[in-house]
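*Asks:* How does the following fold in three dimensions:
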Amino acid sequence: MRKPTRRGVLGAALAAPFLAPPSRAQGLTPLRFILDWKAQGPHAWYYLAQSRGYFREAGLDVTIDQGEGSAAAVTRVMSGAYDAGFGDINAVIQNAAQRPGEQPVMVYLVYNRAPYAIIARADGPVRSLKDLEGRQLGAPAGSATARMFPALAARNGVDPAKVRMAAIQPNLVEQMLVQGQVDAIAQFSGTSYMNFVGMGRDPEKDFRWFFYSDMGLDQYSNGVLVSQALLRNRPEAVRGLVAAINRAIRDVAADPDAGIAELKRVEPLTDPAIEKRRMLYMLRAQMTTPETEALGLGDLDDRRLEGAMATVVQTYGLSRTPAASEVFRRDFLPAREARRLPALAG
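*Replies:* Next up is the predicted model:
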């Protein structure tokens with residue numbers, strides 16, 4: 001059985017486009033930011049950047065809303081509902097190919113190693129990806145993991161047309177797998193791992209894990225993305241946003257309890273023990289890699305990005321391959337030394 005402990009891991013219908021409403025805070029630029037998911041441990045740094053005044057120091061009045069999936073976050077920014085967000089780079093690639101000039105652009109990569117996984121019950125019928133054919137795979141409607149499943153299937157001889165996809169409410173994904181209502185789920189590993197712990201299950205003994213990154217799909221994943229309007233009209237706001245988030249990530253890595261305390265303040269129902277473990281899981285598994293050691297958090301390898309784009313273009317039969325600059329811009333990154341994670345505490 002594959003265990004997820006390798007590498008030592010544990011509003012309104014549509015808001016007006018950027019610049020439409022005046023800021024309530026004198027002299028600050030208003031900015032709406034959407035997360036990829038409900039508030040969890042790996043979102044603590046966004047709230048910390050807000051509470052410690054890092055956004056304000058950058059001249060920003062940031063409103064943070066929870067999201068409904070990594071791919072959905074890209075769509076919400078692209079629609080003009082949000083100025084920036086935390087979403088999936090592969091969805092950016094797809095939109096850049098299909099609707100060039102409208103797609104958001106990633107300016108700070110957070111998850112250097114994609115946390116995509118197919119998860120099945122250890123006592124269930126899915127013992128290999130091929131076993132998904134003729135069975136039901138569940139995932140939230142806005143899931144980047146589900147969106148990238150056809151690419152995973154193609155790499156592993158699976159016919160995605162033979163896999164029945166079920167859209168599940170975000171809070172019911174793991175529950176439906178445990179209850180046998182679906183045969184497997186497509187989910188972020190850190191999300192499911194800790195949700196299983198919270199349900200009193202043993203993530204390593206009770207489930208089989210099929211990691212995309214171990215099965216021929218070496219994609220990047222989530223990062224900070226901004227709208228074309230923000231990029232064009234307020235580049236200084238983009239620079240300030242990136243600097244504030246980078247600073248807060250380093251703060252939380254050095255003092256995880258401070259980040260979890262802020263998350264608890266924002267979401268009183270937060271289980272601090274569970275969310276701290278989830279946050280450390282993501283820091284160690286997805287954010288600390290040989291590549292981030294070399295390049296610093298936030299940046300990426302251009303050749304690897306080209307390979308990731310080729311995978312998306314081939315999987316979806318897209319008519320064009322976008323230029324790397326349409327997908328990712330490193331212009332706004334702080335100096336490399338400022339993007340090195342400190343030794344993780346906790």
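*Asks:* use CA for all of it now, contacts and neighbours both
*Replies:* OK.
*Asks:* Break this structure into its domains for me.
*Replies:* 6-113+220-339, 116-214 (automatic domain parsing).
*Asks:* contacting residues around stretch 257-271?
*Replies:* 39-41, 43-45, 47-48, 51, 252, 272, 275-276 (CA atoms under 8 Å, 6 or more residues apart in numbering).
*Asks:* related to what we said a few turns ago, of all the domains of the chain, which lies closest to Ala345?
*Replies:* Among these, the nearest to Ala345 by CA to CA is domain 6-113+220-339 (5.5 Å).
*Asks:* For the contacts of stretch 257-271, which single residue is the most surrounded?
*Replies:* Gly41 (28 neighbours; other CA atoms under 10 Å).
*Asks:* how about the most centrally placed residue in the chain, what does it touch?
*Replies:* For the chain, the residue nearest the mean C-alpha position is Asn222 (3.4 Å; CA atoms, centre = their mean). Applying CA under 8 Å, 6+ apart to Asn222 gives the contacts Ser70, Phe86, Gly87, Asp88, Ile89, Leu109, Val110, Tyr111, Asn112, Ala114.
*Asks:* how does it look with 7 Å?
*Replies:* Contacts for Asn222 (CA atoms under 7 Å, 6 or more residues apart in numbering) come out as Phe86, Gly87, Asp88, Ile89, Leu109, Val110, Tyr111.
*Asks:* Okay, and the beta partners of it?
*Replies:* Each beta-bridge partner of Asn222 is listed here, defined by DSSP bridges: Asp88.
*Asks:* quick one: it and Trp45, what's the gap?
*Replies:* Counting by CA to CA, to the nearest Å, the separation of Asn222 from Trp45 is 14 Å.
*Asks:* Would you mind giving the secondary structure of Met309?
*Replies:* Following DSSP: H, G, I helix; E, B strand; the rest coil, we place Met309 in the helix state.
*Asks:* Phi, psi for Leu109 please.
*Replies:* phi -80, psi 130 (degrees, to the nearest 10).
*Asks:* would you turn the contacts of stretch 257-271 into JSON lines with pLDDT?
*Replies:* What follows is these, written out as JSON lines (pLDDT from 0 to 100):
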{"residue": "Ala39", "pLDDT": "96"}
{"residue": "Gln40", "pLDDT": "95"}
{"residue": "Gly41", "pLDDT": "97"}
{"residue": "His43", "pLDDT": "98"}
{"residue": "Ala44", "pLDDT": "98"}
{"residue": "Trp45", "pLDDT": "98"}
{"residue": "Tyr47", "pLDDT": "98"}
{"residue": "Leu48", "pLDDT": "98"}
{"residue": "Ser51", "pLDDT": "98"}
{"residue": "Val252", "pLDDT": "98"}
{"residue": "Pro272", "pLDDT": "97"}
{"residue": "Glu275", "pLDDT": "96"}
{"residue": "Lys276", "pLDDT": "96"}
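*Asks:* Now, these that are in strands?
*Replies:* Judged by DSSP state E, strands contain none of the contacts of stretch 257-271.
*Asks:* number of nearby residues for Ala91?
*Replies:* 25.
*Asks:* Show the pLDDT at it.
*Replies:* pLDDT for Ala91: 96.
*Asks:* May I ask you to confirm that it is in contact with Ala71?
*Replies:* Yes: the pair Ala91 / Ala71 is scored as a contact, 5.6 Å apart, by CA atoms under 7 Å.
*Asks:* which residues in the stretch 51-200 of the chain form strands?
*Replies:* 60-65, 84-88, 105-109, 116-121, 136-139, 164-167, 184-188 (DSSP state E, counting those that start in this stretch).
*Asks:* Turn the ones you listed into CSV, including mean pLDDT, distance to Val327 and mean neighbour count.
*Replies:* Listed next are these as CSV, based on pLDDT from 0 to 100; distance: least, CA to CA, whole Å; neighbours: other CA atoms under 10 Å:
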stretch, mean pLDDT, distance to Val327, mean neighbour count
strand 60-65, 98, 23, 19
strand 84-88, 97, 11, 30
strand 105-109, 98, 5, 27
strand 116-121, 97, 20, 26
strand 136-139, 98, 25, 23
strand 164-167, 96, 27, 16
strand 184-188, 96, 22, 26
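*Asks:* right, and those strands - which one's nearest Asn195?
*Replies:* Between Asn195 and the strands of the stretch 51-200 of the chain, the tightest spacing by CA to CA is seen for strand 184-188, at 10.9 Å.
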